[in-house]
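>>> Make a model of this:
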Amino acid sequence: MAFMVKTMVGGQLKNLTGSLGGGEDKGDGDKSAAEAQGMSREEYEEYQKQLVEEKMERDAQFTQRKAERATLRSHFRDKYRLPKNETDESQIQMAGGDVELPRELAKMIEEDTEEEEEKASVLGQLASLPGLDIGSLKDKAQTTLGELKQSAEKCYIM
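This is a model prediction of the structure:
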């Protein structure tokens with residue numbers, strides 16, 4: 001009789017101590033984490049999905065910014081005839097290939113280009129000389145041109 005009681009109670013006692021020992025807790029890892037956050041299991045799963053989506057959005061924005069910077073660097077490499085960089089090209093392709101610069105960066109590049117074109121012109125070079133008045137030079141050139149036109153009108157050969 002003691003044998004029968006021992007087998008009946010002993011088996012149930014092993015099941016009871018086995019579940020207390022953490023044998024089944026491995027399957028409920030999310031539930032305990034959700035309870036630790038003060039959420040139900042469904043809320044916790046939704047929260048995890050939102051975290052994953054936000055991370056994907058941040059990664060996409062980061063990739064886009066990297067591609068924009070690579071586009072800017074490749075633009076300057078083309079402008080100054082420097083060798084191309086493979087990593088910049090791969091970053092541009094990772095972002096989808098055709099990457100446009102942000103308006104602010106494009107505006108800055110345009111202003112730089114205008115300044116360089118202005119400095120490259122003859123008047124830009126003259127303006128950079130110290131002690132030279134561009135206005136007076138312009139006036140003198142216009143008066144000289146006017147005088148040449150008048151003398152050409154008076155000339156009988158032409």
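
>>> Where does the residue nearest the centre of the chain sit, in terms of helix or strand?
The residue lying closest to the centre of the chain (C-alpha atoms, centre = their mean) is Arg65, at 0.8 Å. According to DSSP states H and E, Arg65 maps onto helix 41-79.

>>> next helix or strand past that helix?
Downstream of helix 41-79 (by DSSP H and E), the next one is helix 86-94.

>>> in that next one, what counts as buried?
88, 91-92 (16 or more other C-beta atoms under 10 Å). The C-beta positions use only the backbone N, C-alpha and C, and glycine is treated the same way.

>>> Against Met39, how distant is Ala33?
According to C-beta to C-beta, to the nearest Å, Ala33 and Met39 sit 9 Å apart.

>>> on that earlier part again, which of the buried residues of helix 86-94 sits closest to Ser136?
Asp88 (48.3 Å; C-beta to C-beta).

>>> For the closest one, which non-adjacent residue is spatially closest?
Distance criterion C-beta to C-beta, 6 or more residues apart in numbering; nearest residue to Asp88, sequence neighbours excluded, is Ala70 at 3.8 Å.

>>> Show the pLDDT at that neighbour.
Per-residue pLDDT puts Ala70 at 88.

>>> Identify the residues contacting it.
85, 87-89, 91-92, 99 (C-beta atoms under 8 Å, 6 or more residues apart in numbering).

>>> Surely Lys84 and Arg73 touch.
No. Lys84 is not in contact with Arg73 according to C-beta atoms under 8 Å; the separation is 9.7 Å.

>>> okay, the two: which has more neighbours?
Neighbour totals were compared for Lys84 and Arg73, and Arg73 leads with 17 against 10 (other C-beta atoms under 10 Å).

>>> Surely the more buried one touches Asn85?
Yes. The pair Arg73 / Asn85 is scored as a contact, 6.9 Å apart, by C-beta under 8 Å.

>>> List the residue ranges of this protein that fall below the pLDDT cut-off.
The chain contains residues with pLDDT under 70 at 1-32, 122-128, 132, 155, 157-158.

>>> could you redo the last one with a cut-off of 80?
1-37, 79, 96-102, 105-106, 109, 113-135, 137, 152-158 (pLDDT under 80).
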